[in-house]
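*Asks:* sequence first, then the predicted structure, then my questions.
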Amino acid sequence: MAEHYKPAKYKAWEMDLEERFQEVHPVLTAREAVQEANRCLYCYDAPCMVACPTHIDIPTFIKKISTSNVKGSARTILEANLLGASCSRVCPVEELCEGACVLQEDHKPIAIGRLQRYAMDYARNKEIKFFQKGKDNGFKVAVVGAGPAGLSCGGELAKLGYDVTCFERKQLSGGLDTYGIVVFREPVEVSLAEVHMIEEMGVKFENNVTVGVDITFERLLKDFDAVFVSVGLGAVPDLGIVGETLSGVVDGLDFIEETKTKELSSIKFGQRICVIGAGNTAIDCATIARRLGAERVTIVYRRSEAEMPAYHFEYEFALREGVGFSFLSQPVRVIGEKNVEGLECLRMDLGPPDASGRRAPEPVPGSEFVMPCDMVIKAIGQKKHTSVTERLAQFGIKTTKGYIAVDPLTNATDHPKIFAGGDCIRSHGEASTVMAVQDGKIAAKGIHNLLSNSNTASVSSPVQAKGE
């Protein structure tokens, strides 16, 4: 095998399979956490806090770690972000809080993400309960989709005394944090622990229930005072090329999900794999394949490195894992009779920018070439839940570019009782766990303001367990 695909520094080959899928960054020790926290300047107008979509009071939680008040640190985080444990692992901190750190230019930025994980893991290991359900206010709210946005909205409303029920189509709650984040970034146990925390706050969960199939929106609007829609996005779309129905062509999200729900040794994978797409999901699929033991993994992308939607630090991570890249390559056909035998591509040049603002790929005539492979992973984005938006359209709810349209200040839709958040409203900007959490907070506030202004019930203040 070529050195490019198995560099000497790629230590995963020296580990057994289970070790390869342990978290990439080890947890900080107490001493390391205090030392790192003491580097913080505790800025008065902290740019890291401004850069955080959920506006966690970062200087305060770090200061509490420096004084060994880890319980108080965890509370500070959770007051702003109920999914602080997931976000400490999956947030693009290099682009957000750490990227805004004033020490970024001349020194090393504070390891905010790892410090947040340290506080969150401490609270989970100690089984500390910070919040409980508020005094019942007589209102019922339905949450459709128990991903990050739904969990955040449900938890915030529970603190205010609302009777909240989450309807989730999958067996487990947590959304992409449970099923779609590569296991060596976030173990499934972390996401499920957050679900359990929200459940202990009084939120009820009904899993294996698809709204629109098992229960209608009409029924939800009749039985509940408000509805929050957080259905995320769907499966990876079809490539629209010959041969994509062959055995060995798989959905990237399904491939990731297998590592979260199955024994690693039972997962089937190829030895020469082409991953189509260059977003963060494609990077995850490629690095998973490498750690499973694939001999050669190549990401195939029709634009250049400069246009990649993946974060640059993710790109560098993939390179360190021994992933190859074939830029300016457009897949046009999957070759094989029953199983994948190769991927035919066409060379591309870049023309003027298209609607996305990136230079548009243009085919080079007669430049076809074949990449031998025995597995193709599709990672070219996700479909919108058109069945959901079509049902919601019956209630007068509009869409923007196929996404549910909402008021950005309240996340209210055009229907007075329906709010929405998460990836299903992300018509522009980055889709991420932390943005979904903030969407849930915004919607919870909007729902609270709506219902507390009615005369049908009184709304209590949030009740919290005693803490630091």
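*Replies:* Received the coordinates, thanks.
*Asks:* tell me, how many neighbours does F255 end up with?
*Replies:* Here the number of neighbours of F255 (other CB atoms under 10 Å) works out to 26. For the C-beta atoms, the positions are set from N, CA and C on the backbone; glycine is no exception.
*Asks:* where does it land on pLDDT?
*Replies:* The model reports F255 with a pLDDT of 96.
*Asks:* what about the helices in the stretch 201-350 of the chain?
*Replies:* All helices of the stretch 201-350 of the chain, identified by DSSP state H, counting those that start in this stretch, fall at 217-223, 252-261, 280-292, 312-320.
*Asks:* hey, which helix or strand in the protein has the poorest pLDDT?
*Replies:* Least confident helix or strand of the chain, by mean pLDDT, DSSP states H and E, is helix 17-20 with a mean of 86.
*Asks:* by contact count, what packs against that helix?
*Replies:* Secondary-structure packing of helix 17-20 (3 or more CB pairs under 8 Å, 6 or more residues apart in numbering; DSSP states H and E): helix 280-292.
*Asks:* elements contacting the helix it packs on?
*Replies:* helix 17-20, helix 252-261, strand 272-276, strand 296-300, helix 312-320, strand 375-378.
*Asks:* I figured L82 hits V195, correct?
*Replies:* No - taking CB atoms under 8 Å as the definition, L82 is not a contact partner of V195, at 10.7 Å.
*Asks:* what's the spacing between stretch 150-168 and its chain's center?
*Replies:* Centroid separation for stretch 150-168 versus its chain: 19 Å, with CA atoms, centre = their mean, to the nearest Å.
*Asks:* okay, now it: how far is its last residue from its first?
*Replies:* This stretch, stretch 150-168, spans 10 Å end to end (CA to CA, to the nearest Å).
*Asks:* which ones are touching Y42?
*Replies:* Contacts for Y42 (CB atoms under 8 Å, 6 or more residues apart in numbering) come out as 59, 62-63.
*Asks:* with neighbour count as added columns, please give these in JSON lines.
*Replies:* Shown next, in JSON lines, are the contacts of Y42 (neighbours: other CB atoms under 10 Å):
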{"residue": "P59", "neighbour count": "19"}
{"residue": "I62", "neighbour count": "27"}
{"residue": "K63", "neighbour count": "18"}
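*Asks:* next step: the residues you listed restricted to helices.
*Replies:* Judged by DSSP state H, helices contain the following of the contacts of Y42: 59, 62-63.
*Asks:* out of the residues you listed, who's nearest G252?
*Replies:* I62 (35.7 Å; CB to CB).
*Asks:* can you pull the contacts of the closest one?
*Replies:* 37, 40, 42, 73, 110, 112, 115.
*Asks:* farthest from the middle of the protein: give me that residue.
*Replies:* The C-alpha centroid of the chain is most remote from G366, which lies 39.8 Å away (CA atoms, centre = their mean).
*Asks:* sheet-wise, list the partners of the helix or strand that contains it with their directions.
*Replies:* G366 belongs to strand 359-372 when assigned by DSSP states H and E. Here strand 359-372 has these sheet partners by DSSP bridges: strand 342-353 (antiparallel).
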